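> I would like the atomic coordinates for the input below:
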Amino acid sequence: TFMSKPIPKINGSGMHTHLSLFTEGGENAFHDGDDEFDLSDEARAFTAGILEHAPAITAVANPTVNSYKRLVPGYEAPVYVAWSDRNRSSLIRKPAARVPAASRVELRSPDPSCNPYLAIATMIHAGLNGIEQDLECPDPVRENIYEFDEETREEYGITTLPSNLGEAVDALEADEAIVDALGEHVSSKFVDAKRQEFEEYLVDVSQWELDRYLETF
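Below is the predicted model of the structure:
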């Protein structure tokens with residue numbers, strides 16, 4: 001199944017996406033051998049763009065109410081908006097690259113229930129927006145963010161992804177760059193469909209609730 005979280009209390013199904021840009025001459029625009037992490041200025045700005053627009057991207061890359069059962073701390077899925085070369089608790093990871101052509105960044109939040117064409121469009125658009133706006137990439141977080149308390153996360157400036165589909169759709173509607181990536185027609189239809197889905201979910205009563213509360217009260 002491509003369902004994001006088919007089995008409770010174990011890791012869900014991810015669609016980790018590796019991203020890089022190449023010049024017309026075939027050179028990897030993300031590679032800089034003089035950088036500590038082998039990342040060029042373009043790669044850092046691209047990464048900053050994805051971090052900036054991560055909440056809105058989440059609506060498209062994690063488009064079902066079930067998606068947010070996967071995006072919880074402790075189950076190998078990222079919820080913290082940060083990047084790292086060392087650990088998997090961050091939203092973006094910089095994988096090791098043995099050759100320049102392999103320099104890339106990995107967005108770890110998407111799941112396979114998404115429309116990959118729409119999701120990848122939002123990722124690329126967000127990254128290019130970061131380059132166009134010359135956004136400054138924050139320092140990598142090399143510690144395990146899952147072990148941070150709220151105060152420590154605030155010190156590092158680490159925010160979290162939306163906790164449910166409703167919050168993610170709100171973020172999408174408020175993000176002009178990601179709406180532009182989808183186009184007016186697709187974005188409006190997508191928002192309408194996902195709002196309806198979330199509203200239906202909110203008024204439904206699950207078997208868990210019946211098992212937990214029906215005979216208790």
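> Quick one: find the helix or strand in this structure with the lowest mean pLDDT.
helix 150-156 (a mean of 88; mean pLDDT, DSSP states H and E).
> Paired strands for the helix or strand just after that one, with orientation please.
Using DSSP states H and E, the next helix or strand after helix 150-156 towards the C-terminus is strand 159-160. Strand pairing for strand 159-160, determined by DSSP bridges: strand 80-84 (antiparallel).
> Residues touching the partner strand, excluding its own?
The contact list for strand 80-84 (Cβ atoms under 8 Å, 6 or more residues apart in numbering) reads 47, 51, 54-55, 89-94, 105, 137-138, 140-142, 145, 153, 156, 158-161. Just so you know, the C-beta spots here come from the backbone N, C-alpha and C atoms, and that holds for glycine as well.
> Ramachandran angles for the residue nearest to Ala174 when sequence neighbours are not counted?
Leaving aside its chain neighbours, Ala174 sits nearest to Ala56 (7.3 Å; criterion: Cβ to Cβ, 6 or more residues apart in numbering). Reported as degrees, to the nearest 10, the phi and psi values for Ala56 are phi -70, psi -40.
> distance of Ala56 from Val186?
14 Å (Cβ to Cβ, to the nearest Å).
> go on, Thr58?
Applying Cβ to Cβ, the value for Thr58 to Val186 is 17 Å.
> do you know how far the closest residue to Asn87 other than its chain neighbours is from Asn115?
Spatial nearest neighbour of Asn87, excluding adjacent residues (Cβ to Cβ, 6+ apart): Asn144 at 5.5 Å. Computed as Cβ to Cβ, the Asn144 to Asn115 distance reads 32 Å.
> burial count for Gly130?
25 (other Cβ atoms under 10 Å).
> and what of Lys189?
By other Cβ under 10 Å, the residues close to Lys189 number 12.
> isn't there a helix covering it?
Yes - assessed by DSSP: H, G, I helix; E, B strand; the rest coil, Lys189 belongs to a helix.
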